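Chemist: here is a sequence with its predicted model. Questions after.
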Amino acid sequence: MRKKIVAGNWKMNKNLNEALELGATLSQALKNNAISLQAHQEVVICPPYIYLLKLKDFFRVLGEKQIQVGAQNCHFKDAGAYTGEISASMLKSLEIDTVILGHSERRTYFKEDNALLKAKLDHALANGLRVIFCCGETLAIRETKEHFNFVAQQLQESVFHLSAEQMAQVVIAYEPIWAIGTGVTAAPEQAEEIHAHIRQLLAKQYDATLADNTTILYGGSCKPTNADALFSQPNVDGGLIGGAALKADSFVGIIEHLR
Ligand code: PGA
């Protein structure tokens, strides 16, 4: 059965105390709401790098086993003179298992293109990380109705060179840029049609079983009030959550709709 995931992308938010407080409240809220994840369900939070180890240790001390800790990015080389960067092998050495790559903010502000993301993806997988790989179009692209082709090209140029075995370590996150942090969410039908398109691309490139087993998340202004409608779509396997992941009650309110 394919994994259903709610992942929180904290982006560049929270100081250390706030990060630990959010971790503690989140853990408590899961208990208060009697949320017990099933074997095919996962919750991951991706805080800034500098809190990864602290949060992991903190959850260990709390006995919190339901929340995994992942990273927001990594470099495409193993080591070297790349000031300010973090490699996949460093993340792995912290026992971090998941990394987000290709987020639209990385693509826009840090000029990460499909070729660079291909290199990052290869590097992350070579180091045993699971990758949440983001794709998605701008409003201008959607208005020209080119979004299906645009997303296909992003995947073609960064992801589809992978072997089926490697692909099993990739989660795809469809995140329309016009919905990220804007309060505008893709309608469930809009999310479903492009998720179904991505699954068809996977079936064509690999096979139907791989396509069926691949987790495809939706991201972009997902909140407790729209999570159920989105997650109930047959091809939407959970969400990558930004703003609503910064408050325990809204994040847990989304987790409650995991199928
Ligand atoms: P948002 O961000 O939920 O704040 O729209 C989603 C994301 O960037 O992953």
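Modeler: Sure thing, it's come through. Numbers count the residues shown, from 1 in each chain.
Chemist: and the residue of the stretch 151-259 of the chain at minimum distance from the ligand, how many residues sit next to it?
Modeler: In the stretch 151-259 of the chain, the residue found nearest to the ligand is G242; the distance is 2.2 Å by C-beta to the nearest ligand atom. In short, each C-beta sits where N, CA and C put it, glycine included. The number of residues packed near G242 is 21, by other C-beta atoms under 10 Å.
Chemist: the nearest residue to it once chain neighbours are set aside: how many residues sit nearby?
Modeler: Distances taken as C-beta to C-beta, 6 or more residues apart in numbering place N9 nearest to G242, at 5.2 Å, with adjacent residues excluded. Residues lying near N9 (other C-beta under 10 Å) number 26.
Chemist: who's in contact with N9?
Modeler: 46, 72, 100, 103, 219, 240-242, 245 (C-beta atoms under 8 Å, 6 or more residues apart in numbering).
Chemist: please repeat the previous calculation with a cut-off of 7 Å.
Modeler: Applying C-beta atoms under 7 Å, 6 or more residues apart in numbering, we find N9 in contact with 46, 72, 100, 240-242, 245.
Chemist: reformat these as CSV; add secondary structure and pLDDT.
Modeler: Below are those laid out as CSV (DSSP: H, G, I helix; E, B strand; the rest coil; pLDDT from 0 to 100):
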residue, secondary structure, pLDDT
C46, strand, 98
Q72, coil, 98
I100, strand, 98
L240, strand, 98
I241, strand, 98
G242, coil, 97
A245, helix, 98
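Chemist: closest to K4 out of the residues you listed?
Modeler: Nearest to K4 among those is L240, at 12.7 Å by C-beta to C-beta.
Chemist: distance check, the closest residue in space to the closest one that isn't next to it in sequence against L53.
Modeler: Computed as C-beta to C-beta, 6+ apart, the closest residue to L240 that is not its neighbour in sequence is G219, at 3.5 Å. G219 sits 25 Å away from L53, going by C-beta to C-beta, to the nearest Å.
Chemist: which of the two has more neighbours?
Modeler: Using other C-beta under 10 Å, the more surrounded residue of G219 and L53 is G219, with 27 against 13.
Chemist: the more buried one against V171, yeah?
Modeler: No - at 11.2 Å, G219 does not count as touching V171 under the criterion of C-beta atoms under 7 Å.
Chemist: residues of this protein that sit close to the ligand?
Modeler: 9, 175, 180-181, 219-222, 240-244 (C-beta under 6 Å from any ligand atom).
Chemist: send the alpha carbons of stretch 67-80 over as PDB?
Modeler: Extracted as PDB, the C-alpha positions of stretch 67-80 are listed here (Å, rounded to 0.1, in the frame of the first residue of the first chain):
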ATOM      1  CA  ILE A  67       7.000  12.400  14.300                       C
ATOM      2  CA  GLN A  68      10.000  12.000  11.900                       C
ATOM      3  CA  VAL A  69      12.400  14.800  11.300                       C
ATOM      4  CA  GLY A  70      13.600  15.700   7.800                       C
ATOM      5  CA  ALA A  71      15.600  18.400   6.100                       C
ATOM      6  CA  GLN A  72      14.600  21.100   3.700                       C
ATOM      7  CA  ASN A  73      17.500  20.900   1.300                       C
ATOM      8  CA  CYS A  74      21.000  19.500   0.700                       C
ATOM      9  CA  HIS A  75      23.900  20.100  -1.600                       C
ATOM     10  CA  PHE A  76      24.800  18.100  -4.700                       C
ATOM     11  CA  LYS A  77      28.400  17.300  -3.600                       C
ATOM     12  CA  ASP A  78      29.500  15.100  -0.700                       C
ATOM     13  CA  ALA A  79      32.100  17.600   0.700                       C
ATOM     14  CA  GLY A  80      34.300  20.400  -0.300                       C
END
